[in-house]
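K.L.:
sequence first, predicted model second:
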Amino acid sequence: MTKAEIIARIYEKVGFAKKDATDVVEATFEIIKGCLEKGEKVKVSGFGNFVVNSKRPRKGRNPQTGEEIIIVGRKVLTFKPSQILKKSLNSASS
Amino acid sequence: MTKRDLIDEINTRFPHLSHRDAEVIINAIFESMVDAMGQGDRIEIRGFGSFVVKHRRAREGRNPKSGEIVSVAAKRVPFFKVGKELRLRVDGKASPKGSG
């Protein structure tokens, strides 16, 4: 599924103008991205939470040369799926 | 930010849509994603990331408290892989208009 397909579903499901569906879908992901960029978490009930975690710098090793390197601290995004999402993946088929 | 804040933000950006419309569309976005994953579909949002469904085989587990052996059924779990643009933005390494 791509963004275009999400837009098509909304268009079919709720019958908004295609332009509105497109604009809102684009804006939604952009708003979420802007929020995460600021380090703020995004909670979508029924779907899951997007959380930014800080990683401390640590020592690593280049597995090919055996050389020791410092892995710099960085911020990473993690997604924690909601119970509802997890349940719906296991109730339908499979 | 919660879904409610997201709906409010959409509402301010698109004044011609009612608050209810914004709510209906936002809910439809996430519902369609849940449905897609329910069917084992992979979702790919450019610049954001992708959602895939991974399969976990049935296994024997143990109740850590009693030591009792229990069987854990096979299940499917959702997994998110962050896209390049968002990964860099979260880490403060790219402008909002950055490529990727």
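P.N.:
Cool, got the structure.

K.L.:
which residue packs closest to the residue of chain A found nearest chain B, ignoring adjacent ones?
P.N.:
At 3.5 Å from chain B, A:Phe79 is the closest residue in chain A, using CB to the nearest CB. C-betas here are computed from N, CA, C, even on glycine. What sits nearest to A:Phe79 in space, not counting adjacent residues and going by CB to CB, 6 or more residues apart in numbering or on different chains, is B:Phe80, at 3.5 Å.

K.L.:
need phi/psi at the one you found.
P.N.:
phi -110, psi 130 (degrees, to the nearest 10).

K.L.:
doesn't B:Phe51 make contact with it?
P.N.:
Yes. Shown here, B:Phe80 and B:Phe51 form a contact pair, counting by CB atoms under 8 Å, at 5.4 Å.

K.L.:
looking at the two, which one has more neighbours?
P.N.:
B:Phe51 (24 against 18; other CB atoms under 10 Å in any protein chain shown).

K.L.:
residues in contact with A:Gly46?
P.N.:
A:Ser82, A:Ile84, A:Leu85, B:Lys3, B:Phe30, B:Glu31, B:Val34 (CB atoms under 8 Å, 6 or more residues apart in numbering or on different chains).

K.L.:
go on, B:Gly92?
P.N.:
A:Glu37, A:Lys75 are the contacts of B:Gly92 under CB under 8 Å, 6+ apart.
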